[in-house]
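Student: compute the structure for the input listed below.
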Amino acid sequence: MKREFLPIESADDPRIAAYRNIRERDLVGRQGRFVAEGRVVLNVLFSTSRFEAESVFLRENRVSGLGDLIERIPRNVPVYTASAAVMDEIAGFEIHRGILAIGRKPETSGEALLDTLPDEALVVALSGISNHDNIGSIFRNAASFGAAAVLLTDDCCDPLYRKAIRVSVGATLKVPFARFSDTAALAAALQDRGYPILALSPRGEIDIADVRRSPRHALLLGSEGHGLSDEDMTRLPTARIAMAPDFDSLNVAAASAIALHRLWRRG
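Tutor: Below you'll find the predicted structure:
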């Protein structure tokens, strides 16, 4: 059965209202929806993603080169097409890739997510990470090193923000995640389920290379500016990444990659 494409000839067409003024709506939110952008991300959305798409919007001159992607799109998901000029007018800026989709993001309870994880699981816990590039990179690292889930405090930024999804190359659509009100609630939920928590910081007591991985283990990362609180550092086991003596810190995303690789290899 041949795929049907729905041409959009006017920026005022109500069928593509969700795609209007993308950057502005990045800031104010989309009431339970998110924008996925680019071929790689949409391939994840329609293959290994945990989310459903409402629609797809393609620049008409890209359609002929997207056969494999288009085959993955369910038949009940409408695929709209438009010229570059109309698409850019709708989005509010020049859409270089010309490949967009709108997805739905149901809320997930942190406790409920933890209860679905297997007996052996590596979990990434994030506290106060407010940079979308860092969130996206950490999710990419989590997917690369087999993390079963990512848990976030409420003051972390949205993993389904358009840039975070793009930086993660779709990992935020694939790796399960949920939120907790604060670090204390997050830590309590992990500990109640038998997860030792390792807090990573330049002030950590032991070298990450010397950590012995438990079947269930959680890696806690704090914000790049303030790091983890003194309270967290006092009540949890802590680790550091050894580095040159004249420098003492890494970008939090880079640090997550090193630490997750260490724990993954010991799993």
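
Student: ranges for the helices of the chain?
Tutor: Using DSSP state H, the helices found in the chain span residues 22-28, 39-45, 67-72, 84-91, 110-115, 132-144, 162-167, 171-174, 183-192, 230-235, 252-265.

Student: which one of those lies closest to P202?
Tutor: Smallest distance to P202 across the helices of the chain (CB to CB): 8.7 Å, for helix 252-265. For the C-beta atoms, the positions are set from N, CA and C on the backbone; glycine is no exception.

Student: helices and strands around the closest one, which ones?
Tutor: Using 3 or more CB pairs under 8 Å, 6 or more residues apart in numbering; DSSP states H and E, the elements in contact with helix 252-265 are strand 121-127, helix 132-144, strand 197-200, strand 216-222.

Student: please name every helix or strand in contact with the first one.
Tutor: Pointing back at strand 121-127 there. helix 132-144, strand 149-153, helix 183-192, strand 216-222, helix 252-265.

Student: next one: the last one to chain centre, how far?
Tutor: Helix 252-265 sits 16 Å away from the centroid of its parent chain (CA atoms, centre = their mean, to the nearest Å).

Student: now do that helix, average pLDDT.
Tutor: The average pLDDT within helix 252-265 is 94.

Student: now do it against strand 216-222, angle only.
Tutor: 170 degrees (axes from the mean of the first three to the mean of the last three CA atoms, to 10 degrees).

Student: show me what counts as buried in helix 252-265.
Tutor: Neighbour-count burial for helix 252-265 flags 252-253, 255-260, 262-264 (criterion: 16 or more other CB atoms under 10 Å).

Student: burial count for D182?
Tutor: A total of 14 residues lie near D182 under the criterion other CB atoms under 10 Å.

Student: for it, which residues are in contact?
Tutor: Shown in contact with D182 (CB atoms under 8 Å, 6 or more residues apart in numbering): 127, 153-155.

Student: so where is the chain shaky, pLDDT-wise?
Tutor: For the chain, applying pLDDT under 70 flags the ranges 1, 24-30, 225, 248, 267.

Student: can you tell me which of the helices and strands packed on strand 121-127 is nearest to L114?
Tutor: Closest among those, using CB to CB: helix 183-192, at 5.9 Å.

Student: from the contact counts, what lies against the closest one?
Tutor: Counting by 3+ CB pairs under 8 Å, 6+ apart, helix 183-192 packs on helix 110-115, strand 121-127, strand 149-153, strand 197-200, strand 216-222, helix 230-235.

Student: quick one: closest of those to V56.
Tutor: Of the helices and strands packed on helix 183-192, the one closest to V56 (CB to CB) turns out to be strand 149-153, at 26.2 Å.
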